[in-house]
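Peer 1: predicted structure and sequence below. I'll ask about it afterward.
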Amino acid sequence: MSVVETRRLTKHFGEALAVDHVDLASTEGEFLVLLGPSGCGKTTLLRMIAGLEEPSEGEVHIGGALMNGLPPRTRKIAMVFQSYALYPHMTVHRNIAFPLRAERLEKELQDEKVHWAAGLLGIERYLERRPRQLSGGERQRVALARALVREPNVFLLDEPLSNLDAKLRAAARDDLLAFQRNIGITTIYVTHDQVEAMGMGDRIAVMSDGRIRQLGTPEQIYSNPADTFVATFIGSPPMNLLEGPERTVGFRPENFRPFSDVPADQLPEAFQFHVNRSEYLGSDRYLYGTVEGYDEETKVIARVPVGVSIEEGMTHRFAVAAADLRFFDPATGERIGPTS
Amino acid sequence: MSETAVEVKAVAPARDRRHFLDNDRFLAIGGMTPAVLYILGLVGIPFVLAVLLAFSDVTVGDPSLDLTGLDTLRQVIADPVFWQSLRNTFVFTLVSNALVVVLATALALILTKQFKGKWLVRFLVLLPWTTPVSLAAITWLWTLDSIFSPIDWVLRAMGLLESNVIWLGKPALALASVITVHTWRIVPLAAVIIMAGMIAIPSEIKDASDIDGARFWRRTFEIEIPLMAPIIGVAVLFGVILTITDMTVVYVLTRGGPPPNSTQVLASWAFFKGIEGGDLAQGAGTALFLLPVLIAVAAFILRFARRREVL
């Protein structure tokens, strides 16, 4: 097992800056998620850690050793790709055995390890099939088995669930997480799906424009976003942001409640909320509207229990507990308080 | 119902009416006709004529079409030159295409890598393909000339050679020369086809083989070449058709010689018999022996193409 560390890691593609001086360190056996919108540089960062992409600047360390310039095979890493990248002309058995053949391991040992990996992932009965005869979920397991069979120190996963349909994805997420916990291997997982990131990551690195905006546990990132990008990228619906002259005020929709619902000892901050539309979602109700005293264009969303009855087209007195308010610098978007 | 239709028609202004080019039936017939006429005129009729001639005794001197059954074909196969030509046709085709596969695959592997001046190399590689076969063959004829061959000149200047090689004058060398020219001519096309196959391999597969620790040989022979096998097959089939039906190279370089018929192939033998010798029936009969081979190759191509779709 090893930790992965990047130091001021940078990648240019011509003029474009894909990864911008990233310092990132995983801890032992951690499930670390790189989360960001497409084009934010998360995959490039992963590929530099894997050795598939040479950094323009900066260093990659795995298990304490400098990896720059070393080919992927020497890094003791395994990677699972978005498309799984199984070798279509080989049986599942040969696919899983391929890294072992490349290591020139003895034939008996190869077979033993293939069966061990296949057993762990429950794909033993597919060993003689070819990838195209398998479903998406089965292919993903084969890709994991192929990654696992060399007993790598680090697992790198590039959106491995995005090719599965929604139902299968939830199940695969559980399996993958249980599997990672089971073998306790340091894992770096790239995704653009915040639900996946929140549900799976020990820690999440939120990326945008080639930089890490925030690194923290899902709770930290959700309740204490480092800037307005993280505040709006994480959470669905996103954090409400009201731009004032000195500071931007932010609060989560579930913390925006009718004034009478916020106890006085929580120091409610009151807002006049004009509700334009309400949306019934079964378990909750979303209220869409604007807040008096702020820009009419700024849409605000409240998430209230279904039982709360609110009339559309009217202005209501709403409030947020003082502890649930977050403040950002309107110029830079960075968090300026409170520091809870 | 019909009343409403009439009404609508009357109201619609002229330019809103359906243009005849929007009519699928007209487009289908109009679009297909030129192709059908072309194929009938330039392939269908000559083909039927060739089959008819092969079962007749037509010569230039006696052009009346008298059907004589299998007599002509019997005469064709009774001639030892026919068998020599058949053998040469297969030797040329097999040897040059074996060389083509190796060279074109190697070229494709090189030309899909990143290096400086790649476009120039690609351009030079493609050049033989853009030259008409006859002109290319004439260039080679001069290059392999018995007296003025520049190859001989270089070898002489380097002190490796006393007297001229006479490339096209000795049976073994003439065979090798024809094979070389065929290979030189087909490699570019095959390389381009194989390159397309190479580029079509998903980059994640190459990345995966990198991660899995495969080095150059293992990646090339266990991943890339197997994945390109169908497209290499297509390149070979094109190459086979181009060599098996070609008479230009032999006609220009050796005219079937050195005497009597060391490099004669079916296509050139049919030409010499039928056109230069005036025995149209035997010429057609000789050429007809290419048909089963070509049908087999065409069937293979179609099967390959279908399998690609399934993949």
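Peer 2: Structure's in. What do you need?
Peer 1: now the most centrally placed residue in chain B, nearest residue through space, not along the chain?
Peer 2: Of all residues in chain B, the one closest to the mean position by C-alpha atoms, centre = their mean is B:L242, 1.7 Å from it. Closest residue to B:L242 apart from its sequence neighbours, by C-beta to C-beta, 6 or more residues apart in numbering or on different chains: B:I186 at 5.7 Å. No exception for glycine: its C-beta is placed from N, CA and C like everyone else's.
Peer 1: swap in B:D246?
Peer 2: Looking at B:D246 with C-beta to C-beta, 6+ apart, the closest residue is B:A267, at 6.3 Å.
Peer 1: how is chain A divided into domains?
Peer 2: Using automatic domain parsing, the domain parsing of chain A gives A:4-223, A:238-334.
Peer 1: most neighbours per residue, which of these?
Peer 2: domain A:4-223 (a mean of 19; mean count of other C-beta atoms under 10 Å in any protein chain shown).
Peer 1: my guess is the residue nearest to B:L242 meets B:V95, correct?
Peer 2: No. Contact between B:I186 and B:V95 fails when scored by C-beta atoms under 8 Å: they sit 12.0 Å apart.
Peer 1: looking at these two, which one has more neighbours?
Peer 2: Just comparing B:I186 and B:V95: by other C-beta atoms under 10 Å in any protein chain shown the higher neighbour count belongs to B:I186, 26 against 18.
Peer 1: give the contact list for the more buried one.
Peer 2: B:96-97, B:100, B:238-239, B:242-243 (C-beta atoms under 8 Å, 6 or more residues apart in numbering or on different chains).
Peer 1: now A:L156
Peer 2: With C-beta under 8 Å, 6+ apart, A:L156 has these contacts: A:46, A:49-50, A:77-80, A:187-188, A:190.
Peer 1: try 10 Å
Peer 2: A:4, A:34, A:46-47, A:49-50, A:52, A:72, A:75, A:77-81, A:147, A:186-190, B:211 (C-beta atoms under 10 Å, 6 or more residues apart in numbering or on different chains).
Peer 1: which members of those occur in helices, if any?
Peer 2: A:46-47, A:49-50, A:147, B:211 (DSSP state H).
Peer 1: spatially, which two of these are the most separated?
Peer 2: A:R47 and A:A147 (15.2 Å; C-beta to C-beta).
Peer 1: quick one: which of the domains of chain A is nearest B:P46?
Peer 2: Per C-beta to C-beta, nearest to B:P46 of these: domain A:4-223, 42.5 Å.
Peer 1: quick check: buried residues in the longest helix anywhere in chain B?
Peer 2: Looking across chain B with DSSP H, the single longest helix is helix B:80-111. For helix B:80-111, the neighbour count (16 or more other C-beta atoms under 10 Å in any protein chain shown) marks B:81-82, B:84-86, B:88-89, B:92-93, B:95-97, B:99-101, B:103-105, B:107-109, B:111 as buried.
Peer 1: what's the first helix or strand after that helix?
Peer 2: helix B:118-130 (DSSP states H and E).
Peer 1: show me what that following helix is packed against.
Peer 2: helix B:80-111, helix B:133-143, helix B:171-199 (3 or more C-beta pairs under 10 Å, 6 or more residues apart in numbering or on different chains; DSSP states H and E).
Peer 1: what's near enough to touch A:T217?
Peer 2: A:198, A:201-204, A:223.
Peer 1: hmm, 8 Å instead?
Peer 2: Per C-beta under 8 Å, 6+ apart, neighbours of A:T217: A:201-204.
Peer 1: and if you look at B:P150?
Peer 2: Applying C-beta under 8 Å, 6+ apart, the residues near B:P150 are B:T143.
Peer 1: ok, it to B:S177 distance?
Peer 2: Look at B:P150 and B:S177: by C-beta to C-beta, to the nearest Å, they are 14 Å apart.
Peer 1: what of A:R47?
Peer 2: Distance from A:R47 to B:S177, by C-beta to C-beta: 50 Å.
Peer 1: in chain A, which strand has the most residues?
Peer 2: strand A:268-280 (DSSP state E).
Peer 1: which strands border that strand, and is each parallel or antiparallel?
Peer 2: strand A:284-291 (antiparallel), strand A:315-321 (antiparallel) (DSSP bridges).
Peer 1: quick one on the thing from earlier: quick one: mean pLDDT for the longest helix of chain B?
Peer 2: Averaged over helix B:80-111, pLDDT sits at 90.
Peer 1: next one: phi and psi at the residue nearest to the centre of chain B?
Peer 2: phi -70, psi -40 (degrees, to the nearest 10).
Peer 1: for the chain, what are the low-confidence residue spans?
Peer 2: All of this refers to chain A. Confidence mapping of chain A against pLDDT under 70 gives the ranges A:1-2, A:339-340.
Peer 1: not what I meant, chain B
Peer 2: Ranges of chain B meeting pLDDT under 70: B:1-18, B:305, B:307-311.
Peer 1: need the residues of it near chain A, please.
Peer 2: Residues of chain B found near chain A (C-beta under 8 Å from any C-beta of the partner chain) are B:202, B:204-205, B:207-215, B:218, B:222-223, B:226-227, B:229, B:311.
Peer 1: among those, name the ones in helices.
Peer 2: B:204-205, B:207-211, B:218, B:226-227, B:229.
Peer 1: narrow those residues to those that are buried.
Peer 2: Buried among those (16+ other C-beta under 10 Å): B:204-205, B:207-211, B:218, B:227.
Peer 1: closest to A:E292 among those residues?
Peer 2: For these, the nearest to A:E292 is B:E204 (52.8 Å; C-beta to C-beta).
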